[in-house]
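J.: show me how the following folds:
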Amino acid sequence: MNINSSLDLEKLALACIRRPEHEYFSLDSDRQHSFDALCRDSVVLVTGAAGFIAQSTLPHVLSAKPRKLYLVDSSENGLASLARKLATSHGPEHPTEIRMILADITSPLLDRAIDSMAHVDLVLHFAAVKHVRSERDPASALRIMDVNILGTKRLLELLARKESPPQVFAVSTDKAANPTSIMGASKLIMESLLWSYPGISTSARFANVLFSSGSITESWLDRIGREEPLSAPLNTYRYFVSPRQAGLICTNGLVAPSNSIVIPSSDILSPMSLVALAHNFLEFFGKSAKDILLEEWQANGGTNSLGHYSRDEYPLVCTPLDTAGEKEVEEFSQPNEQVVSFTPELSRIIADPTLQINGFLNRIELWISDPALNVTVGKIRSEIATIVDGFYREENSETLDSRI
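T.: Numbers count the residues shown, from 1 in each chain. Next up, the predicted model:
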């Protein structure tokens, strides 16, 4: 099947989640005024700028006409692609000066880059390792900690050295609420770092952004393009937002009161089965899903051939929910967190910096800096459990890498 590169992902996303084309999470006039005033003629630093959520947010920032935009990312190809996109959508007549910086959030080169910036007004921190599948081995799990926690710590320390520390917004995840994965726990710890920052700081816990880079829904686009079976875990429910809605949640987070975590209100989003989402996805392309249990697919040799299905049928391999770090239903807040109303469609968590993380950070830094030390994924999980109440110490032998 030919999947055209000009496919409207926003239209596809809304079709998948069966949500009316209402402009969810839009700024009202007061918040729009605050957002424009925050960004206009300002110097803005964006980390992880080539990432999916960053690129969903940048159009809103650029529309407010900042004076200068520093776009930092560790992906050379990602920055090149972003530069071409911005050159097309915001040509040379646009008043914003845009500078691309190739640097990793964990590298000393970040120090050089930020120290070279005489002044920064606003920071949008998107750089992150965001996939639970990265918990496969100690090196990969420590990379999560290095980027999401120590990288954020380094960034905030550099910004705090500025004569006037800029306002910071950092993206979190719904997996940070009652986390079961190392990735989710790393984002909860990242949030706690924000609340010790001397400037204004806010965050947002995100739902799954449909068709974001590396997501299961992006894999569906790849697979249907190659005419391969799709897969989805059974009994797994997630909250989903479209790419545009993701950018709007970030704009709201930027104008929230300091020490707030913005989340979708409980009556706005409902968790949706991944299997049901896959059915809707296939329906968009004129196909009817044919559910196949994993063991049935394996018994048939795990074939990728679609030859023995009818023209309108499409195989969907349904896998068990037994991989490391995944839970049946995500959530946006924990029982001990104070949630108050923010907008008709968004709430905010009032930050409570209760995690005691200094000793934890020292041990993680030691494990990363000394490869001779014996560290396992289980040991990393046990260390997290010392500061995150209720975090599971056990590791599951099955990972997402073992799934179709």
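
J.: C-alpha only now, for contacts and for neighbours.
T.: Fine.

J.: which neighbouring elements make contact with whichever strand or helix holds residue 188?
T.: If you go by DSSP states H and E, residue 188 is part of helix 182-194. Under the contact criterion of 3 or more C-alpha pairs under 8 Å, 6 or more residues apart in numbering; DSSP states H and E, helix 182-194 touches helix 138-145, helix 152-160, strand 167-173, strand 201-206, helix 377-385.

J.: at 7 Å what do you get?
T.: Using 3 or more C-alpha pairs under 7 Å, 6 or more residues apart in numbering; DSSP states H and E, the elements in contact with helix 182-194 are strand 167-173.

J.: direction included, what does the strand it packs on pair up with?
T.: Looking at strand 167-173 with DSSP bridges, its partner strands are strand 122-125 (parallel), strand 201-206 (parallel).

J.: contacts for that strand next, please.
T.: 121-126, 184, 187, 199-207, 254 (C-alpha atoms under 7 Å, 6 or more residues apart in numbering).

J.: quick check: mean pLDDT of the helix holding residue 188?
T.: For helix 182-194, the mean pLDDT works out to 96.

J.: again, but for stretch 330-349
T.: 94.

J.: now do stretch 316-326
T.: 81.

J.: ditto for stretch 17-27
T.: Here the average pLDDT along stretch 17-27 is 79.

J.: ranges for the helices of the stretch 1-150 of the chain?
T.: For the stretch 1-150 of the chain, the helices defined by DSSP state H, counting those that start in this stretch cover 9-17, 29-39, 52-63, 76-89, 108-115, 138-145.

J.: which strands and helices sit next to the third one?
T.: With contacts defined as 3+ C-alpha pairs under 7 Å, 6+ apart, the secondary structure elements packing on helix 52-63 are helix 243-254.

J.: sheet partners, orientation included, of the helix or strand just after the helix it packs on?
T.: Later in the chain than helix 243-254, the nearest helix or strand by DSSP H and E is strand 260-264. Using DSSP bridges, the strands paired with strand 260-264 are strand 201-206 (parallel), strand 346-350 (antiparallel).

J.: who touches the first one?
T.: Among residues not part of strand 201-206, those counted as contacts by C-alpha under 7 Å, 6+ apart are 167-174, 194-195, 250, 253-254, 256, 258-263, 332.

J.: could you find the closest non-adjacent residue to the one residue sitting closest to the centre of the chain?
T.: Nearest to the geometric centre of the chain sits residue 130, at 5.6 Å (C-alpha atoms, centre = their mean). Among residues not flanking residue 130 along the chain, residue 183 sits closest, at 6.5 Å (C-alpha to C-alpha, 6 or more residues apart in numbering).

J.: from residue 361, how far off is that neighbour?
T.: 15 Å (C-alpha to C-alpha, to the nearest Å).

J.: which of those two has more neighbours?
T.: More neighbours surround residue 183 than the other of residue 183 and residue 361, with 26 against 17 (other C-alpha atoms under 10 Å).

J.: need the contact list for that one.
T.: With C-alpha under 7 Å, 6+ apart, residue 183 has these contacts: 130-132, 144.

J.: distance of it from residue 163?
T.: Relative to residue 163, residue 183 is positioned 33 Å away (C-alpha to C-alpha).

J.: please apply the same query to residue 90.
T.: From residue 90 to residue 163 the distance is 31 Å (C-alpha to C-alpha).

J.: which of these two has more neighbours?
T.: Set residue 90 next to residue 163 and count neighbours by other C-alpha under 10 Å: residue 90 wins out with 16 against 10.

J.: what separation is there between that one and residue 158?
T.: Taking C-alpha to C-alpha, one finds residue 90 at 30 Å from residue 158.

J.: for residue 203, same thing?
T.: From residue 203 to residue 158 the distance is 19 Å (C-alpha to C-alpha).

J.: one more: residue 48?
T.: Where residue 158 is concerned, residue 48 sits at a distance of 17 Å (C-alpha to C-alpha).

J.: who has more neighbours out of those two?
T.: When neighbours are counted by other C-alpha under 10 Å, residue 48 and residue 158 differ, and residue 48 comes out ahead with 24 against 16.

J.: phi, psi for that one please.
T.: phi 60, psi 40 (degrees, to the nearest 10).

J.: wait, it sits on residue 129?
T.: No - between residue 48 and residue 129 there is no contact under C-alpha atoms under 7 Å: 10.0 Å.

J.: isn't residue 319 up against residue 293?
T.: Yes - using C-alpha under 7 Å, residue 319 makes contact with residue 293 at a distance of 6.4 Å.

J.: more neighbours: which of these two?
T.: residue 319 (20 against 16).

J.: can you name the residues bridging to that one?
T.: Judged by DSSP bridges, the bridge partners of residue 319 are residue 233.

J.: distance of it from residue 330?
T.: To residue 330, residue 319 is 18 Å away according to C-alpha to C-alpha.

J.: residue 188 now?
T.: Distance from residue 188 to residue 330, counting by C-alpha to C-alpha: 14 Å.

J.: check residue 52 too.
T.: Taking C-alpha to C-alpha, one finds residue 52 at 21 Å from residue 330.

J.: ok, these two, which is more surrounded?
T.: residue 330 (22 against 18).

J.: hang on, isn't the more buried one packed against residue 175?
T.: Yes - counting by C-alpha under 7 Å, residue 175 is a contact partner of residue 330 at 6.4 Å.

J.: can you list contacts of the helix-or-strand element of the chain with minimal mean pLDDT?
T.: The helix or strand of the chain with the poorest confidence is helix 294-299; it has a mean of 86 (mean pLDDT, DSSP states H and E). Contacts to helix 294-299, defined as C-alpha under 7 Å, 6+ apart, come from residues 317-319.
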